[in-house]
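Q: Sequence and predicted structure below; questions after.
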Amino acid sequence: MRIGVVTFPGSLDDVDAARAVRLAGAEAVALWHADHDLRGVDAVVLPGGFSYGDYLRAGAIAARAPMMADVVDRARRGMPVLGICNGFQVLCEAGLLPGALTRNGHLHFRNRDQALRVERADTAWTNAYEPGQEVVVPVKNGEGRYVAAPADLDRLEGEGLVAVRYAGGNPNGSLRDIAGVSSADGRVVGLMPHPEHAVEDLTGPSTDGLGFFTSVLTAVVAA
């Protein structure tokens, strides 16, 4: 199975994401932001970092990169896409996920190990977990506060589109402790914490993040 990892100018965690893909048992395929070629991948990961220097808004320019036109088209036809941190911002800016990510409520950068509760365990990226399961993965962001209009938040809750939620403290002031959301079909997921940094015992803080990458293998086979 081939999973693409897109590199934008300013990406920081593309190498880590590719390693997580390999540890999950898939082939990591490097994708370049300026290309129009998904190279036959079965799924795509948009990694963390500071794409295009976070000019305008975090993820705003990256969402309009040539590669994203192909990602958006394939995602709307069912290809699984995971956006991590800056990748989550890109997915929101591209219109694949609702809401927006803004400056942390306390205006400080946060970098710490973070407990999360898996709210939806039937997505392409979370099916390896149990509903309500708590995992620990790092969080590191300055613009990670998830916001949406009250009616949109109610819709997200009512339709079960909150994928993961902060547990044991909210690091950035995200509304309703939302750490990640999914599309209605569960094929597109974005989250602010970094599961790719929690895939090996050597580097820790756990291997809890590996399930995001093994989940998509199951989803692609089942599709």
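A: Yep, it's here. Computed from a predicted model, the values in this text were never measured in an experiment. Numbering: from 1, shown residues only.
Q: Just to check, Val59 is in contact with Gln89?
A: Actually, residue 59 is Gly. It isn't Val. Yes - Gly59 is within contact range of Gln89, at 3.2 Å (criterion: C-beta atoms under 8 Å). C-beta coordinates here come from the backbone N, C-alpha and C atoms, glycine included.
Q: Overlap in contacts, these two.
A: Leu101 (C-beta atoms under 8 Å, 6 or more residues apart in numbering).
Q: residues contacting the nearest residue to Glu27 once chain neighbours are set aside?
A: In space, Glu27 comes closest to Arg2 once its chain neighbours are excluded; the distance is 4.8 Å by C-beta to C-beta, 6 or more residues apart in numbering. Counting by C-beta under 8 Å, 6+ apart, Arg2 touches Ala26, Glu27, Val29, Arg39, Gly40, Val41, Asp42.
Q: now these: which count as buried?
A: Neighbour counting by 16 or more other C-beta atoms under 10 Å classes Ala26, Val29, Val41, Asp42 among these as buried.
Q: Take the residues you listed and lay them out in a markdown table including secondary structure.
A: Converted to a markdown table, the buried ones among the contacts of Arg2 look like this (DSSP: H, G, I helix; E, B strand; the rest coil):
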| residue | secondary structure |
| --- | --- |
| Ala26 | coil |
| Val29 | strand |
| Val41 | coil |
| Asp42 | coil |
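Q: For those, give me JSON lines that also has distance to Ala149.
A: Below are the buried ones among the contacts of Arg2 laid out as JSON lines (distance: C-beta to C-beta, whole Å):
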{"residue": "Ala26", "distance to Ala149": "37"}
{"residue": "Val29", "distance to Ala149": "37"}
{"residue": "Val41", "distance to Ala149": "34"}
{"residue": "Asp42", "distance to Ala149": "34"}
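Q: where exactly do the helices run in the protein?
A: Secondary structure of the chain, counting by DSSP state H: helices at 14-24, 66-75, 86-93, 150-158, 210-222.
Q: Can you say which of these is packed in most?
A: helix 86-93 (a mean of 28; mean count of other C-beta atoms under 10 Å).
Q: pretty sure Lys140 is touching Asn111, no?
A: Yes - with contact defined as C-beta under 8 Å, Lys140 counts as touching Asn111 (4.2 Å).
Q: more neighbours, these two?
A: When Lys140 and Asn111 are compared on other C-beta atoms under 10 Å, the one with more neighbours turns out to be Lys140, at 19 against 13.
Q: and that one, what does it touch?
A: Residues near Lys140 by C-beta under 8 Å, 6+ apart: Gly48, Cys85, Phe109, Arg110, Asn111, Arg112, His194.
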